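*Asks:* sequence and predicted structure, then a few things I'm wondering about:
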Amino acid sequence: MQSGAKPERRNLTSKGGKDIRIKPVGMVQGAMVMRGAKDMRIEPLNLQRTRILESKPEFRWKELQPGLQYTFELVDDSGRSLFEAPVTAPSMKLPANVQLREGVPYTWKVSARLADGRTYSSSAEFTVASADLRAKATALRPAASGALSARVAYAAWLDQMELKDEARKYWQAAAAERPESTRLNTLAAQ
């Protein structure tokens, strides 16, 4: 049961009486939380609001329950479904015939129906980095045995370039080397 005042529409105006337009940047849709229900959701574990370097990524999500069948779908920026398949594991690798183009925003969706009829779904977005950015990332990549400071600087650059999944690999390696660093552990978990 919902309670509270009825929503009302308001017009925003400046002191001079002119309408004010507010861009919806940073706004999020509200949601109702149902208390008492078990919090189950399909959580994307990678390829979420990021650019990627590889053209054949593996999509991974948090498993709802063992043995569940999922439906995976990849959609391009025009809304056209490029690939859809049933999957029993909480991950999916695209077949060779699905080619991703650089600079194109993609959305991947995963859904599952539980035995009691409840359906859960989630989606995430990613873009394949341009050839120039991929070349720059390769040129700047420090050696795996290089100084920790160089690898941390590279991870920070990857984050700045919105290559968040790639950066996470370096943050996780750095956190493993310096487990006492709360900052590295925080960055590794993002």
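*Replies:* Nice, thanks for sending it over.

*Asks:* measure Trp157 to Ala176 for me?
*Replies:* Separation of Trp157 from Ala176 (Cβ to Cβ, to the nearest Å): 20 Å. The C-beta positions use only the backbone N, C-alpha and C, and glycine is treated the same way.

*Asks:* right, I mislabeled it, should have said Thr138
*Replies:* 23 Å.

*Asks:* try Trp108
*Replies:* Counting by Cβ to Cβ, the gap from Trp108 to Ala176 is 28 Å.

*Asks:* ok, Gln99 next?
*Replies:* 35 Å.

*Asks:* how about Tyr170?
*Replies:* From Tyr170 to Ala176 the distance is 11 Å (Cβ to Cβ).

*Asks:* who has more neighbours, these two?
*Replies:* Tyr170 (24 against 11; other Cβ atoms under 10 Å).

*Asks:* is it true that the more buried one touches Ala153?
*Replies:* No - contact criterion Cβ atoms under 8 Å: Tyr170 and Ala153 do not qualify, at 9.6 Å.

*Asks:* what sits against Ser149?
*Replies:* The contact partners of Ser149, by Cβ atoms under 8 Å, 6 or more residues apart in numbering, come to none.

*Asks:* next: the one 5 residues further on.
*Replies:* Taking Cβ under 8 Å, 6+ apart as the contact definition, Tyr154 lies against 140-142, 170.

*Asks:* then Ser81?
*Replies:* 73-75.

*Asks:* could I get the phi/psi values of it?
*Replies:* Note on Ser81: backbone dihedrals following degrees, to the nearest 10 are phi -80, psi 120.

*Asks:* ok, what's across the strand from it?
*Replies:* Val75 (DSSP bridges).

*Asks:* next one: it from Ala175, what distance?
*Replies:* 37 Å.

*Asks:* which stretches in the protein count as strands?
*Replies:* 50-52, 58-60, 70-75, 81-87, 91-93, 105-113, 119-128 (DSSP state E).
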